[in-house]
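> model this:
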Amino acid sequence: MGDKSEKTRELCRRDMSMEKIHKEEGIGPDQLTGDVLYYGDNHSAVVQSHGRADVEKLIDENRSGGKLIVLDVGPKHCGPCVKVYPTVLKLSRSMSETVVFARMNGDENDSCMEFLKDMNIIEVPTFLFIRNGDICGRYVGSGKGELIGEENSLERFSGIQVFVSLTNLST
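Here you go, the predicted structure:
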């Protein structure tokens, strides 16, 4: 160490005594703003699915409630998937009364890979729109406006109108 100050020597002595000198706090849900990517987020309304069983359970739980399920599917390190995820987070918060958002990392395990194959998911990100246990729509891409438009058209089709402002989502 090039720094021979008293402060540095004190820090070294503390380190050897195993005394805690700093604690890092995690990011909370109220601090997620802008285009922050936060996979594995347990604070938002996005349900993290880890395989076919999780998706089937989610569908069963929402089969009779009339809520639309939007399942975001893509591999964890997919650039476009990363790009659109902040929009998914924001939509999950603003539409929680009528829509259930879920996320599946398609390359997480064999069950996820098999699910992608069975659903004929070739391009990512793919959003599956599920209502009453049936797939009623599909959107492939990472465009915020197109995703919102597809989701809104499915909501209007079901008789529930949801209005989302693009300006609110881009902040």
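
> where does this structure have low pLDDT?
Scanning the chain for pLDDT under 70 picks out 1-4, 8-44, 151, 154-171.

> Quick check: beta-bridge partners of the nearest residue to Q48 once chain neighbours are set aside?
Nearest non-adjacent residue to Q48, counting by Cβ to Cβ, 6 or more residues apart in numbering: R103, 5.8 Å away. Any C-beta I mention is one placed from the backbone N, CA and C, and that applies to glycine too. Beta-bridge partners of R103, counted by DSSP bridges, are Q48, D72.

> How much space separates R103 from I121?
Applying Cβ to Cβ, to the nearest Å, the value for R103 to I121 is 14 Å.

> what does the helix or strand where D60 lies rub up against?
For D60, the host element (DSSP states H and E) is helix 52-62. With contacts defined as Cβ atoms under 8 Å, 6 or more residues apart in numbering, helix 52-62 is touched by 47-49, 69, 71, 100, 102, 104, 111-112, 114-115, 118, 130, 133.

> picking that back up, residues that sit against both of R103 and I121, list them.
What both R103 and I121 touch, as defined by Cβ under 8 Å, 6+ apart, is the set V73.

> Those two: which is more packed in?
R103 (23 against 18; other Cβ atoms under 10 Å).

> Where do the strands of the chain begin and end?
Listed in chain order, the strands found in the chain under DSSP state E are 47-49, 68-74, 99-105, 126-131, 134-140.

> Do a quick rundown of the helices in this structure.
6-16, 52-62, 79-94, 110-118, 144-157, 166-169 (DSSP state H).

> Of those helices, flag the one that's most buried.
The highest mean neighbour count among those, using mean count of other Cβ atoms under 10 Å, belongs to helix 79-94: a mean of 19.

> Export only the CA atoms of that one, formatted as CSV.
What follows is helix 79-94, C-alpha atoms only, in CSV (Å, rounded to 0.1, in the frame of the first residue of the first chain):
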residue,chain,number,x,y,z
GLY,A,79,-29.9,-7.4,-25.0
PRO,A,80,-33.4,-6.6,-26.3
CYS,A,81,-34.9,-8.5,-23.3
VAL,A,82,-32.8,-6.3,-20.9
LYS,A,83,-33.9,-3.2,-22.8
VAL,A,84,-37.7,-3.9,-22.4
TYR,A,85,-37.6,-5.1,-18.8
PRO,A,86,-37.9,-1.7,-17.2
THR,A,87,-41.1,-1.2,-19.2
VAL,A,88,-42.4,-4.5,-17.9
LEU,A,89,-41.6,-3.4,-14.3
LYS,A,90,-43.5,-0.1,-14.8
LEU,A,91,-46.5,-1.7,-16.5
SER,A,92,-46.7,-4.3,-13.7
ARG,A,93,-47.1,-1.5,-11.2
SER,A,94,-49.5,0.6,-13.1
